[in-house]
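>>> Show me the folded form of this:
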Amino acid sequence: MTIAVFGSINVDVTAYSRLLPVPGETIHGESYVLGLGGKGANQAVAVARLEAALSLVGRVGRDPFGQLARAELERFGVRTSGIAEDGTTGTGIAIIAVDSSAQNCITVIAGANFKVGADDVDRLAAVLGAVEVLLLQLEVPLAPNIAAARLARSRGGSVILDPAPAPLSPLPDALLECVDVITPNEVECEALTGIRPAGIGEARDAAMVLRARGIGRVVVKMGAKGAFWLGSEGEGHVPGFAVEALDTVGAGDCFNGGLAVALAGGQTFGEAVRFASACGALSTTRRGAAAAAPSLAEVAALLARDHS
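Just a heads-up that it's a prediction; the model follows:
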């Protein structure tokens, strides 16, 4: 299988505290972690941890954070030859606060991620045009996302879009017509459809709205309530896995990485969503974003346990 991730690369500064501060409040935290992040990098690490071949296309700055991001990607087994250095701005960073119940709030400074453009598609055209599955997110500009998606689909690849961060305006048809699978969480689902999926019924209604916009397959990620999927094969609900969550940062990225690996490996849509759900659940049991991605053996063990 061949998978490519086109997207963002950040360094995360994550602070852990009992409660999240409210506006105007200063609180004492318990610890912090400096590590790799960005939805593109997170998804790339998730794919690599599942022992699948992949390429990552993105940008970092010529700064210490860029060096750190490269080193961390290589440590996780991700090839960095597709990453360009941007001399006009710094590497993207995310400031993350996580409370004792694993809830989080995040501020992202895009940096070099917003410099990703058509030239990045052109320089990696051979890679993007040879993939079975292309993973996209919304932390780089829309135009290169559309160009990458068109290239992959023109040569037989499938495109998975994680519509995150939640879009502030409707996504253009030019992007959606290139998407095979879209995977919004509850917040993103409401932004895209006006429907907040409190349960399976609302998730199905929202999925139908997205299907009506021409997207063949939809997965609505509902956290601990599991995931609802809808496609030409039918529909279904994968219940949430019972795990002890410590940190939900990056769980959606591990889900998408797992979904790409499962689909590229020939699993049915329903099977792939269950595999992806196990990946996302396991990532919440440890701290960090990219660093929390589970191994293939860990995912297999959770799936086997859930069947027993």
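>>> which residue ranges form the strands in this structure?
For the chain, applying DSSP state E gives strands covering 2-6, 10-16, 31-37, 53-61, 83-86, 92-98, 104-109, 133-136, 158-161, 181-182, 217-221, 227-231, 234-238.
>>> Let me have these in JSON lines, extended by mean pLDDT, distance to residue 195 and mean neighbour count.
The C-beta positions use only the backbone N, C-alpha and C, and glycine is treated the same way. Below are those laid out as JSON lines (pLDDT from 0 to 100; distance: least, C-beta to C-beta, whole Å; neighbours: other C-beta atoms under 10 Å):
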{"stretch": "strand 2-6", "mean pLDDT": "95", "distance to residue 195": "28", "mean neighbour count": "27"}
{"stretch": "strand 10-16", "mean pLDDT": "92", "distance to residue 195": "30", "mean neighbour count": "23"}
{"stretch": "strand 31-37", "mean pLDDT": "91", "distance to residue 195": "29", "mean neighbour count": "19"}
{"stretch": "strand 53-61", "mean pLDDT": "95", "distance to residue 195": "32", "mean neighbour count": "25"}
{"stretch": "strand 83-86", "mean pLDDT": "96", "distance to residue 195": "37", "mean neighbour count": "18"}
{"stretch": "strand 92-98", "mean pLDDT": "92", "distance to residue 195": "28", "mean neighbour count": "23"}
{"stretch": "strand 104-109", "mean pLDDT": "86", "distance to residue 195": "23", "mean neighbour count": "14"}
{"stretch": "strand 133-136", "mean pLDDT": "98", "distance to residue 195": "23", "mean neighbour count": "29"}
{"stretch": "strand 158-161", "mean pLDDT": "98", "distance to residue 195": "18", "mean neighbour count": "24"}
{"stretch": "strand 181-182", "mean pLDDT": "98", "distance to residue 195": "14", "mean neighbour count": "26"}
{"stretch": "strand 217-221", "mean pLDDT": "98", "distance to residue 195": "9", "mean neighbour count": "28"}
{"stretch": "strand 227-231", "mean pLDDT": "97", "distance to residue 195": "12", "mean neighbour count": "24"}
{"stretch": "strand 234-238", "mean pLDDT": "97", "distance to residue 195": "16", "mean neighbour count": "16"}
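>>> Okay, angle between the helix or strand of the chain with the lowest mean pLDDT and strand 31-37 too, please.
Within the chain, judged by mean pLDDT, DSSP states H and E, the helix or strand with the poorest mean is strand 104-109; its value is a mean of 86. For strand 104-109 against strand 31-37, the angle by axes from the mean of the first three to the mean of the last three C-alpha atoms, to 10 degrees is 50 degrees.
>>> So which elements touch strand 104-109?
strand 92-98 (3 or more C-beta pairs under 8 Å, 6 or more residues apart in numbering; DSSP states H and E).
>>> Surely residue 190 is in contact with residue 198?
No: counting by C-beta atoms under 8 Å, residue 190 stays clear of residue 198, with 10.3 Å between them.
>>> neighbour-wise, which of the two wins?
Neighbours of residue 190 and residue 198, each counted by other C-beta atoms under 10 Å, are more numerous for residue 190; the result is 16 against 11.
>>> What pairs with the least confident helix or strand of the chain, parallel or antiparallel?
Here strand 104-109 has these sheet partners by DSSP bridges: strand 92-98 (antiparallel).
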